[in-house]
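In: just coords:
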């Protein structure tokens, strides 16, 4: 950045964020037309991932190093810049799914502690989920030493940002479709934040029903998270007069 005048830095910052703002505009327009909704999600997921990468290169180089899981960087980006407390929460329903059947003891313990019932018809939302620290505290005192590390990794992967990365970003980028673990809940436009749909599955045994909860991520919530993250990233660049790292390549 040595040798760049103030107006040159401002120009590079403006170019970068105008480009990402245009991607969001395009994604929203694509989502308005049913046939192009997969393309809308592809643009949104790829855009979020790219911003997370460039943010790390610019302000959090320890997250841009090789060996750092992309999902961890993506989740940290949303936790710090998206401006929504949901990204600090661990999805208990998703975590319990990951724990079964290998870690059934831990699953039963967490289910009891958080008073979680798969067969409850009460509407559950992201606000019912605990912050990561709550789950970690339980693990430190009650989970078996032999399984603590493995369970801790599953807890981290059950943070909402990690779920968005794996089940939204990765599925759309690699398969151009939403994960079977999620839904956008388009039939409930009044619900604009993450919530859970009560589900029943009979599986291979018609006489045995299984209750579970499917995470619903309204598409508008994801788009709003993109926009808030974009604005926060831009503000960081403007406050520090620092163009995003890729804009300085070759200068």
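Out: Good, I have the coordinates. On a predicted model such as this, the values are computed, not experimentally measured, just so you know.
In: hmm, which helix or strand of this protein has the shakiest average pLDDT?
Out: Considering only helices and strands, the least confidently modelled element of the chain by mean pLDDT, DSSP states H and E is helix 132-142, at a mean of 84.
In: for it, packing partners?
Out: helix 104-113, helix 148-157 (3 or more CB pairs under 8 Å, 6 or more residues apart in numbering; DSSP states H and E). Heads up, the C-betas are built off the backbone N, CA and C, glycines and all.
In: To residue 221, which of those lies closest?
Out: helix 148-157 (20.1 Å; CB to CB).
In: Only the buried residues of the closest one, if you could.
Out: Counting neighbours by 16 or more other CB atoms under 10 Å, one finds that the buried residues in helix 148-157 are 151-152, 154-157.
In: Closest to residue 25 out of those?
Out: The closest of the buried residues of helix 148-157, once distances to residue 25 are taken by CB to CB, is residue 157, at 31.6 Å.
In: any idea how far the closest one is from residue 97?
Out: Using CB to CB, to the nearest Å, residue 157 is found at 11 Å from residue 97.
In: Could you count how many residues lie near the nearest residue to residue 113 once chain neighbours are set aside?
Out: Computed as CB to CB, 6 or more residues apart in numbering, the closest residue to residue 113 that is not its neighbour in sequence is residue 138, at 5.7 Å. With neighbours defined by other CB atoms under 10 Å, the count for residue 138 comes to 17.
In: Please verify my assumption that residue 138 contacts residue 110.
Out: Yes. Counting by CB atoms under 8 Å, residue 138 does reach residue 110; the two are 6.7 Å apart.
In: which residues do those two both contact?
Out: Common neighbours of residue 138 and residue 110 are not found (criterion: CB atoms under 8 Å, 6 or more residues apart in numbering).
In: For residue 144, the count of nearby residues, please.
Out: Taking other CB under 10 Å as the criterion, the count of residues near residue 144 is 12.
In: ugh, wrong one, I meant residue 9
Out: Here the count is done by other CB under 10 Å, and residue 9 has 19 residues near it.
In: cool, and residue 46?
Out: Residue crowding around residue 46 was assessed by other CB under 10 Å; the count is 15.
In: what does residue 38 give?
Out: 16.
In: just to revisit the earlier point, so which of the helices and strands packed on helix 132-142 is nearest residue 23?
Out: Using CB to CB as the measure, helix 148-157 is the one of the helices and strands packed on helix 132-142 that comes nearest residue 23, at 26.7 Å.
In: which helices and strands does that closest one pack with?
Out: Using 3+ CB pairs under 8 Å, 6+ apart as the contact test, the elements touching helix 148-157 are helix 92-99, helix 132-142.
In: so the longest one versus helix 148-157, what angle?
Out: Taking axes from the mean of the first three to the mean of the last three CA atoms, to 10 degrees, one finds helix 132-142 and helix 148-157 inclined to each other by 170 degrees.
In: Tell me how far helix 132-142 lies from the chain's centre.
Out: Between the centre of helix 132-142 and the centre of its host chain there is 21 Å, according to CA atoms, centre = their mean, to the nearest Å.
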